[in-house]
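Asks: Take a look and give me a structure for this.
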Amino acid sequence: MSFYARHVLPRLTDLVMRNKADAEERAKLIPLASGVVLEVGIGSALNLSFYRPSVEKVYGVDPSRELWNIGRRRVEAAPVPVEFLHCSAERIPLDDAVVDTVVSTWTLCTIPDATLVLSEIKRVLKPEGQLLFIEHGLAPDRGVQAWQDRLTPAWKRIAGGCHMNRKIDRLIGDAGFHFRRIDRGYASGPRILAYLYKGVAAPSL
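Replies: The predicted model follows:
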């Protein structure tokens, strides 16, 4: 792993994701979690302060120990117990159907095999469980899409593998989920990075 990936990128990621607009989105979604929670891409633990007493425990999956260490104080101050699982979400070390809620915020863009991750998420979720998500991805406007496609190869190299052109709703639907609620639209910021998909999905039976 390069010096940039190990020491610079985690701090940049934490800094960028601490903005006010993202915090407002977290505050709307994360309180919907309940029971045993799996957070995919827990990173520097920016979601933890938004969990409510209805959450029994959070398993946090992330391949970056550096981000986890940056967020250690947030973990210590968390209102719920947290267990860190140092791994990639393509293979989640949990049994089948043991999780009530999966949380994924600004994560599916960076994982190399998002389809496999969503399959793993469905495997560990209880049949009545829920997936809470906020993700950025492919915009509906052709001009923006063209720039997303053009810039993604270079952007992946500097942004930890981030794809700005993934169609998140299609990925989730094709993985065997149906949407209880989904909102799509531009947030503040550059349009190539600001088109959000956010909502609640459940495993299709």
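Asks: ok, then the element right after the worst-scoring helix or strand of the chain on mean pLDDT?
Replies: Every helix and strand of the chain was ranked by mean pLDDT, DSSP states H and E. The lowest is helix 3, at a mean of 85. Going down the chain from helix 3, the next helix or strand is helix 9-16, by DSSP states H and E.
Asks: which strand is the longest one in this structure?
Replies: If you go by DSSP state E, the chain has its longest strand at strand 125-136.
Asks: in this structure, which spans are helices?
Replies: Along the chain, the segments classed as helices by DSSP state H run 3, 9-16, 20-29, 65-70, 72-76, 114-124, 142-158, 168-174, 191-194.
Asks: Mind giving me the packing neighbours of the first one?
Replies: Okay, so that is helix 3. Under the contact criterion of 3 or more Cβ pairs under 8 Å, 6 or more residues apart in numbering; DSSP states H and E, helix 3 touches no helix or strand at all. Any C-beta I mention is one placed from the backbone N, CA and C, and that applies to glycine too.
Asks: Pick the most buried one from the helices of the chain.
Replies: Highest mean neighbour count of those: helix 114-124, a mean of 20 (counted as mean count of other Cβ atoms under 10 Å).
Asks: which outside residues touch that helix?
Replies: 38, 40, 89-92, 94-99, 102, 104, 108, 111, 131, 166, 171-172, 174-177, 203 (Cβ atoms under 8 Å, 6 or more residues apart in numbering).
Asks: chain center to that helix, what's the gap?
Replies: 13 Å (Cα atoms, centre = their mean, to the nearest Å).
Asks: Kindly report the same for stretch 129-137.
Replies: Here the centre of stretch 129-137 is set off from its chain's centre by 7 Å, with Cα atoms, centre = their mean.
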